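[1] Got a sequence here, can you model it:
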Amino acid sequence: MGGAETLEEALDLTQAELDCSPDRFLKRQTFLRSHAEVPEAYAVEQQELVWQTDPAKFDHMLLRFAYANGEQRVVDVDPQMAARDWFVRTRFSVAVPEADARLLAVDMVVEKPRTYAIAREARLVGEAEAAGEHYYRSLIYALLCGLLIVPIVYDLFFMRLLRFRFVTWHAVMTLGMLGFVLSNSGLIFLFFPDIPLGVRWQLNTVTLAVLAGAAIFFVLSLLEKGKVPKKLSNVLIGFTALMLVIKALSFLDLEELRILSHIAFLYAMLPMSITLLVVIATALLNESRGAIYLLFAFGGFVIAGILALLTNLNLYHPPFHVDELVFAALVLLVLGSSAAVGDRFMVLRVERDRARIRAIKLGRIALTDSLTGLANRRAFDAIEEIGEEQALLVADIDHFKAINDEKGHTTGDAVLCHMASIMREEFAGNPASTIYRLGGEEFAIVFSCTDEAVLRQIAEDLRRNVDGNIGEEVMGIPHATISIGCAMGGGRTPHEVFEKADEALYKAKRAGRNRSAIADSGGRIEVIS
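    Next up is the predicted model:
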């Protein structure tokens, strides 16, 4: 490897000026020159060769092929050629020019590379072998994209039922993963063949940043409250914010940060990934149910991701192909995180249903009289209006205080309960009726009624029923009667109708009790009996 500030200087670098040390990829000059000699044992007569590398992003590239007969062939590569001749994964292919002699060396000069991978990942491979690899790897990536669409549909289905933040974050994470696979594999060129190479390179890291950031918030929103210390969660969020800020800086494409911004982005992923594992492990130690699924989902992916980052940073050289491990971990991530979403969704739905049932029960208790089981005054006050074909009947037990004083409150409570039972029986045939105990010995009934003649009949039937059915012979309950006041609803407020029915009630009491009276539409009050 060597570096220079002009194309000519880079091409003119001598063998002695080229660096073969482990740090040879860290050149920061405008033009990066690489020189690779092809071993004689590599010569394969029967197959044509292609030269490949990871294009990342660059301004211009020149390839020089040197042959044993002294011949040299130069291929000028522009960024869009790298997009047009894409090869599965982050690669592109250049056909090695044919010659009558053995290929001795390949020189590459690239202007303003954005990553060192453009030199480190260069390789020669047989054209037939490359075509086979391109086919089966493209098929695997396409199947993975199809697999990633399933949990997105899965999340949208859950979001229609109940909206939980972790479902949204899981959908965003999976979309980021889908975008990463499409751009990183090169399949994006099938859908957008004219997409600029620089845009594809940015998509690789943008989608990775979206995937990583959404994954962090997915984990934190899915884990049960109290399972992870707040300080540890804040540290993880802080590392995530740092990673996103560093990624945002790469959009400026400053010359001083041309390569450093990408390296810094990769380094920022390391502490975030390690902290994520610590968060999941902490939740697991705190007996988190969701952490079991998350450990399965993220454990392999984080480890594979760390290995891939170390490889990209030239800090580790594994004896296997890291990409296969990363994409196998992606499959586990999809399956494990989807299982975590389903499990957490069902747990929260059961909890929400129980809470809703409790709320309904408490609401009913709040609107129900505990003694008689009838609706209470709060329920009556909640009525918005009493309609045109509705009526209000207000009933009061005659001399109820004397019953309490002479027979005791236990007997008084028995009278109230028996009164409620008679009213239920009386209005059982009117399904739109609601009976209220307004307090003490006072009752109100809102029911369907077509006119005042029907209202008179209903009021009298109730009064006679009470007079004939509450007496000493019935469970030792003393004889009791009621006075009734009633009025048609007329689409008025309960307060207005109650005021008229209450006036009729007191007129019935003044007429001697055990009477019913009606306030007619003209405002007159008529005592019926």
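[2] From now on I want contacts and neighbour counts done on CA atoms only, so please keep to that.
    Will do.
[3] What lies in contact with stretch 169-179?
    If you take C-alpha atoms under 8 Å, 6 or more residues apart in numbering as the criterion, stretch 169-179 is touched by 145, 148-149, 151-152, 155-156, 203-204, 207-208, 210-215, 217-218, 334, 337, 341.
[4] As PDB, could you dump the C-alpha coordinates of it?
    The C-alpha trace of stretch 169-179 is given here as PDB (Å, rounded to 0.1, in the frame of the first residue of the first chain):
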ATOM      1  CA  TRP A 169     -39.900  -0.100  17.700                       C
ATOM      2  CA  HIS A 170     -39.900  -3.800  16.600                       C
ATOM      3  CA  ALA A 171     -41.400  -2.800  13.200                       C
ATOM      4  CA  VAL A 172     -38.900   0.100  12.800                       C
ATOM      5  CA  MET A 173     -36.000  -2.300  13.700                       C
ATOM      6  CA  THR A 174     -37.200  -4.900  11.200                       C
ATOM      7  CA  LEU A 175     -37.600  -2.200   8.500                       C
ATOM      8  CA  GLY A 176     -34.000  -1.100   9.200                       C
ATOM      9  CA  MET A 177     -32.900  -4.700   9.000                       C
ATOM     10  CA  LEU A 178     -34.700  -5.100   5.700                       C
ATOM     11  CA  GLY A 179     -33.100  -1.900   4.300                       C
END
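[5] starting at the chain centroid, how far to it?
    Offset of stretch 169-179 from its chain centre (C-alpha atoms, centre = their mean, to the nearest Å): 10 Å.
[6] again with stretch 291-306
    Worked out by C-alpha atoms, centre = their mean, stretch 291-306 lies 19 Å from the chain centre.
[7] Give me the mean pLDDT for that stretch.
    Stretch 291-306 carries an average pLDDT of 84.
[8] Pull out the buried positions in the host helix or strand of His35.
    Assessed by DSSP states H and E, His35 sits inside strand 31-37. Neighbour counts over strand 31-37 (16 or more other C-alpha atoms under 10 Å) mark 31-35 as buried.
[9] And the nearest residue to Arg64 once chain neighbours are set aside, how far from Pro97?
    Nearest non-adjacent residue to Arg64, counting by C-alpha to C-alpha, 6 or more residues apart in numbering: Val74, 4.5 Å away. Distance, Val74 to Pro97, by C-alpha to C-alpha, to the nearest Å: 9 Å.
[10] Now do the shared contacts for these two.
    Common neighbours of Val74 and Pro97, counting by C-alpha under 8 Å, 6+ apart, are Phe65.
[11] For Asp155, which residues are in contact?
    Asp155 touches 167-168, 170-171, counting by C-alpha under 8 Å, 6+ apart.
[12] Just the buried ones among those, please.
    Burial by neighbour count, 16+ other C-alpha under 10 Å: within these this picks out 167-168, 170-171.
[13] Could you verify my assumption that Glu388 touches Ala487?
    No. Assessed by C-alpha atoms under 8 Å, Glu388 is found out of contact with Ala487, at 11.1 Å.
[14] what stretches of the chain score poorly on pLDDT?
    Within the chain, the set of residues satisfying pLDDT under 70 comprises 43-47, 312-316, 318-323, 363, 470-476.
[15] secondary structure element for the most centrally placed residue in it?
    In the chain, the C-alpha nearest the mean C-alpha coordinate belongs to Thr168, at 1.7 Å (C-alpha atoms, centre = their mean). Per DSSP H and E, Thr168 falls inside helix 165-185.
[16] Show me how far stretch 349-365 is from its chain's centre.
    Offset of stretch 349-365 from its chain centre (C-alpha atoms, centre = their mean): 24 Å.
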